[in-house]
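Chemist: Turn this into a structure:
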Amino acid sequence: MYIGYMNYLIAIFIITGYLIMRYDYPFYKNKKMKKEEKVTKLIGRGNIVLGLLLFAGNWVYNTWFK
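Modeler: Numbering: from 1, shown residues only. Next comes the predicted model:
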């Protein structure tokens, strides 16, 4: 039995990455908190990239291997 959680996971990664980059990153940048700024940039970009990679991988799997 197939339960399709992948689409939710992709959406969560991309949305949280966008929200981190939109709200947390500028907050730390304005407060001149360098370490927190670097970490939030890394986490935000990482979430977006991971979401896009999962999307591409899911598309490839569903198109060619199913």
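Chemist: Pull out the buried residues from the helix or strand that contains residue 45.
Modeler: Assigned by DSSP states H and E, residue 45 falls within helix 34-64. Within helix 34-64, the residues that qualify as buried by neighbour count (16 or more other Cβ atoms under 10 Å) are 37, 40, 41, 43, 44, 47, 48, 51, 54, 55. Every residue, glycine included, has its C-beta placed from N, CA and C.
Chemist: contacting residues for the fifth one?
Modeler: Spelled out, that is residue 44. 17, 18, 20, 21, 24, 25 (Cβ atoms under 8 Å, 6 or more residues apart in numbering).
Chemist: please redo it, this time with the cut-off set to 7 Å
Modeler: 17, 20, 21, 25 (Cβ atoms under 7 Å, 6 or more residues apart in numbering).
Chemist: and which of those is nearest to residue 32?
Modeler: residue 25 (13.0 Å; Cβ to Cβ).
Chemist: how about the closest one, what does it touch?
Modeler: With contacts defined as Cβ under 7 Å, 6+ apart, residue 25 is in contact with 37, 40, 41, 44.
Chemist: List just the nearest of those residues to residue 59.
Modeler: For the contacts of residue 25, the nearest to residue 59 is residue 44 (23.1 Å; Cβ to Cβ).
Chemist: And the pLDDT for the closest one?
Modeler: pLDDT for residue 44: 97.
Chemist: And residue 3, by the same measure?
Modeler: With respect to pLDDT, residue 3 has a value of 64.
Chemist: so where's this structure shaky on pLDDT?
Modeler: Within the chain, the stretches with pLDDT under 70 are 1-3.
Chemist: let's see it at 90
Modeler: By pLDDT under 90, the weakly predicted segments of the chain are 1-4, 61-62, 65-66.
Chemist: need the contact list for the closest residue to residue 12 other than its chain neighbours.
Modeler: Spatial nearest neighbour of residue 12, excluding adjacent residues (Cβ to Cβ, 6 or more residues apart in numbering): residue 51 at 7.7 Å. By Cβ under 7 Å, 6+ apart, residue 51 lies in contact with 10, 13, 14, 17.
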